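after the sequence you'll find the predicted model.
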Amino acid sequence: ETILLQGDVGSGKTIVALLSAIPFLNKNLQVAYMAPTEILAQQIYENVNKFITCEDLRSVLLTGSSKDKNEIYAKISNNYFNFIIGTHAVFQENLSFNNLSYVIIDEQHRFGVQQRLNLAEKGIDTNILLMSATPIPRTLALAQYGEIEQIIINERPAFQKPIITKVSNSSKINDLTLYLKKNINSLNQAYWICPLVEASDNLQYKDVESRFKSLKKIFGNDVEMLHGKMKSQEKEYIINNFKKGIIKILVATTVVEVGIDNKNANIIVIENSEKFGLSQLHQLRGRVGRGSIQGYCFSIYDNEITDTSFERLKIFKKNINGFKLAEKDLEIRGTGDILGYRQSGDSLFKFVNPAIDQDLIIDSLGYVKEIIANRKYENNDFKKNIYKLLLFFK
């Protein structure tokens, strides 16, 4: 069985996923949790050991930088480890599971179709939970997943306040710096996001290293930088110090886009925000306001911003609901190849537009269910062709 679990940033999907794994562990079956980044995998691993208290838990973290991989592989193969948390490393060809029965794929849109299939095929009749914090509009989800059951968490915890978003041009950087000087401390920390790791001659976007140097002159040791080119141990050390409040301002790339959960981080500055899509901006905004303190997002754009990008930032400012933003993102970005491998651009539907033809898609799905219910077809290819036909797939 496959289930799609959707929920906005900070809605509690991770806890739901971890709780759903317990019945499998109690039956001595294996569970695999695949996360898109090592940072998120490390955090999930810590949460597994913090929140799951059943005696049968034997967890392991498996990422590209894990040591003693052959020993870990052997202990997974003989069922010594029954909860395997990792990145792409969990579906490598030379890794064999003992009785993999449940696969949780976090931020499922970050993985390719084939990667998801490779992991699921390592078990027999594997149950799959697809998780998405970048909500998919209902009609697009129906077209993409058909009869897969969809569970939606459409509320955030009651103690969280709606994040206040402000959009300004780069002339406000000095004012922002003064604002941070007055407001940051160990219980009120900030992210500062830049699109590049280092300066580029070809791209006129702000980079982490330059911004870090300029902020360090003002904030000293209260500021640190984080990006994907750092070694795993260094990243882990910096993130832990940020969570402890030792680091007050974390200058980073979108390596912090998903998963990082620091309830004392209440301010995020997104520099060159015109560089990012709506879903990515919403993910970044979701890093703050995760506790009970008011969260603020400052979206900074360059003076040479295009009209289209400026309209996107206006939409971002007005909408804090991830599902509404997803619908707008669908209109702007295109659907991609719904039943294939491309994840953006024009879809291959010949007549249907998933963004506007909601009634047609819902009716088509109803017809498909009726046909399959009334006739017992054993040929799965026939079922697939019916889906394609009724949805006018080219």
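Arrived safely, thanks for sending. Because the structure is a prediction, the values reported are computed rather than measured.

strands of this protein, residue ranges please.
2-7, 30-34, 59-62, 83-86, 100-105, 127-132, 149-153, 164-169, 189-193, 223-226, 249-252, 265-270, 296-301 (DSSP state E).

which strands or helices does the first one pack on?
Taking 3 or more CB pairs under 8 Å, 6 or more residues apart in numbering; DSSP states H and E as the contact definition, the neighbouring helices and strands of strand 2-7 are helix 13-26, strand 127-132, helix 138-145, strand 149-153. Bear in mind the C-beta positions are built from the backbone N, C-alpha and C, glycine included.

winner for burial among those?
Neighbour counts (mean count of other CB atoms under 10 Å) averaged over each of the helices and strands packed on strand 2-7 peak at strand 127-132, with a mean of 21.

avg pLDDT for that strand?
Across strand 127-132, the average pLDDT comes to 85.

next: stretch 162-180.
93.

low-confidence ranges in the stretch 251-394 of the chain?
257-259, 330, 332-358, 372, 375-394 (pLDDT under 70).

let's go with 50 and repeat that
By pLDDT under 50, the weakly predicted segments of the stretch 251-394 of the chain are 335-348, 389-394.

quick one, helices of it?
278-285, 307-318, 322-333, 358-374, 380-390 (DSSP state H, counting those that start in this stretch).

mind putting these into TSV with mean neighbour count and distance to Phe212?
Output for the helices of the stretch 251-394 of the chain, formatted as TSV (neighbours: other CB atoms under 10 Å; distance: least, CB to CB, whole Å):
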stretch	mean neighbour count	distance to Phe212
helix 278-285	24	18
helix 307-318	15	24
helix 322-333	20	29
helix 358-374	14	46
helix 380-390	13	50
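
nearest to Ile153, out of these?
Judged by CB to CB, the one of these that comes nearest to Ile153 is helix 322-333, at 10.6 Å.

which helices and strands does the closest one pack with?
Partner elements for helix 322-333 (3+ CB pairs under 8 Å, 6+ apart): helix 278-285, helix 307-318.

in JSON lines, list the ones you listed along with distance to Asn264.
JSON lines is the format used below for these (distance: least, CB to CB, whole Å):
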{"stretch": "helix 278-285", "distance to Asn264": "17"}
{"stretch": "helix 307-318", "distance to Asn264": "24"}
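
you'd agree Phe91 is up against Leu119?
Yes: counting by CB atoms under 8 Å, Phe91 touches Leu119, with 3.9 Å between them.

name the residues contacting each of these two.
With contacts defined as CB atoms under 8 Å, 6 or more residues apart in numbering, the residues shared by Phe91 and Leu119 are Met34.

circling back: okay, the helices and strands packed on strand 2-7 in CSV with distance to Ile184 next?
Below are those laid out as CSV (distance: least, CB to CB, whole Å):
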stretch, distance to Ile184
helix 13-26, 27
strand 127-132, 32
helix 138-145, 39
strand 149-153, 31
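
hey, least reliable of those by pLDDT?
Looking at the helices and strands packed on strand 2-7, the bottom one is helix 138-145 with a mean of 56.

all set now, cheers.
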